[in-house]
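Engineer: Test case, fold it:
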Amino acid sequence: MTDTRFDLLCIGEPLCEFNATRAETGAFQFGHGGDTSNCAIAASRQGAKTAYLGALGDDMAGRSIRDLWRCEGVDDSHVTTHQSAPTGLYFVDHGPSGHVFSYLRAGSAASLMGPRDMPRDLIASARIVQASGISQAISASACDAVFEAFAIAREAGVTTAYDTNLRLKLWPLTRAKAIINAACGMADIVLPGYDDATQLTGLSDADAIADFYLRLGAKIVALTLGHEGSLVATPERRERLVPIKVDAIDATGAGDCYDGAFLAEYIRTGDAFAAGAYANVAAALSTQGFGAVAPLPRRADVEARMALEAKKAN
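Structural biologist: Residues are numbered from 1 along each chain as shown. Take a look at the predicted model:
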């Protein structure tokens, strides 16, 4: 009998992207983004059966995103189209301290999403349901929608995963801390980035940050550490996973790539530490091109690089 369940269901806001490629000429590369959408595509490229839950405007940007998902094998049958609310946009600039984001997303279609838009049967049949701090920051109703989705998932015994992605342009730190910590308390897998986690926890030591999220109830914490790789921790074990060396030019979607690759490999193997090692390589490879989606590697790319690294080590 064919299994019709989705491996991974991602919830949030997809966006169209304008990425500055040449500052001296003002040139932008058109693309797509949105953290949980990037995660879904990254997971799909690793072979996971993925779906998205959110909303788009009835506009060129929304149609472009649907076309992308269909090309990437991400199911969009539960994504609503709003006739009057637009699809969100964002711009990426590259400064001396990294990438800088600017958004045009106020009143977007996804921000109108609420608890009643969370389909119980879809959520309860997924293997993993994933959302993020951004999924909740875009509006109060979207915030409640994620809590509702996680409540449905937990009741059904579905694994929940949460990226703490912090965007202080969307909400104040005090509210972000309260909401994100509450969501992490409902998550089996917490996927924080180091810079965000230091603000959300007040801690600077990676192990202490992992302990913070484990105390909230996470079964697995996969903390990304930028050029230092990642730390994967469970209540029984933890491991620092070293990165590979690449010529990085744009890290816009690296964290999202890590999430998608980690979750896809965890679904495949059930091993959080193998998933972390795999995601380290995938995320590094994703920094070698411009944009959030175009550089996302496929499983063959990741496995080839892992084989090369293993050969170097021997």
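Engineer: What residues sit buried inside stretch 98-118?
Structural biologist: Neighbour-count burial for stretch 98-118 flags Tyr103, Arg105, Ser108, Ala109, Ala110, Ser111, Leu112, Met113, Pro115, Asp117, Met118 (criterion: 16 or more other Cβ atoms under 10 Å). Using the backbone N, CA and C atoms, a C-beta is placed for each residue, glycine as well.
Engineer: and what of stretch 234-249?
Structural biologist: Result for stretch 234-249 [16+ other Cβ under 10 Å]: buried residues Arg238, Leu241, Pro243.
Engineer: Closest to Ala264 out of the residues you listed?
Structural biologist: The shortest approach to Ala264 among the buried residues of stretch 234-249 belongs to Leu241, at 16.4 Å (Cβ to Cβ).
Engineer: what's the closest one in contact with, if anything?
Structural biologist: Gly229, Ser230, Leu231, Val232, Phe273, Gly276, Ala277, Asn280 (Cβ atoms under 8 Å, 6 or more residues apart in numbering).
Engineer: switch to 10 Å and redo it
Structural biologist: If you count contacts by Cβ atoms under 10 Å, 6 or more residues apart in numbering, Leu241 has them with 222, 224-225, 228-232, 273-281.
Engineer: try Gly133
Structural biologist: Contact analysis of Gly133 by Cβ under 10 Å, 6+ apart lists 12, 35, 143, 146, 162-167, 170-171, 176, 179-180, 183-184, 192, 196, 200.
Engineer: Can you get me a residue count around Ala277?
Structural biologist: 20 (other Cβ atoms under 10 Å).
Engineer: hmm, back to that, so which of the buried residues of stretch 98-118 belong to strands?
Structural biologist: Tyr103 (DSSP state E).
Engineer: Sort out which of the contacts of Leu241 are buried, if you could.
Structural biologist: Buried among the contacts of Leu241 by 16+ other Cβ under 10 Å: 222, 224-225, 229-232, 273-281.
Engineer: Closest to Ser84 out of the residues you listed?
Structural biologist: Thr224 (37.6 Å).
Engineer: The closest one and Met113: what is the separation?
Structural biologist: Plainly put, Thr224 is 27 Å away from Met113 if you go by Cβ to Cβ, to the nearest Å.
Engineer: so what secondary structure elements neighbour the helix or strand containing Glu148?
Structural biologist: Element membership for Glu148, per DSSP states H and E: helix 140-156. With contacts defined as 3 or more Cβ pairs under 10 Å, 6 or more residues apart in numbering; DSSP states H and E, helix 140-156 has these neighbours: strand 8-11, helix 120-125, strand 128-132, helix 133-137, strand 159-163, helix 173-184.
Engineer: so Val246 makes contact with Asp301?
Structural biologist: No. Applying Cβ atoms under 10 Å, one finds Val246 not in contact with Asp301, separated by 11.7 Å.
Engineer: list the residues that contact both of those two?
Structural biologist: Shared contacts of Val246 and Asp301, counting by Cβ under 10 Å, 6+ apart, come down to Val281, Leu285, Ser286.
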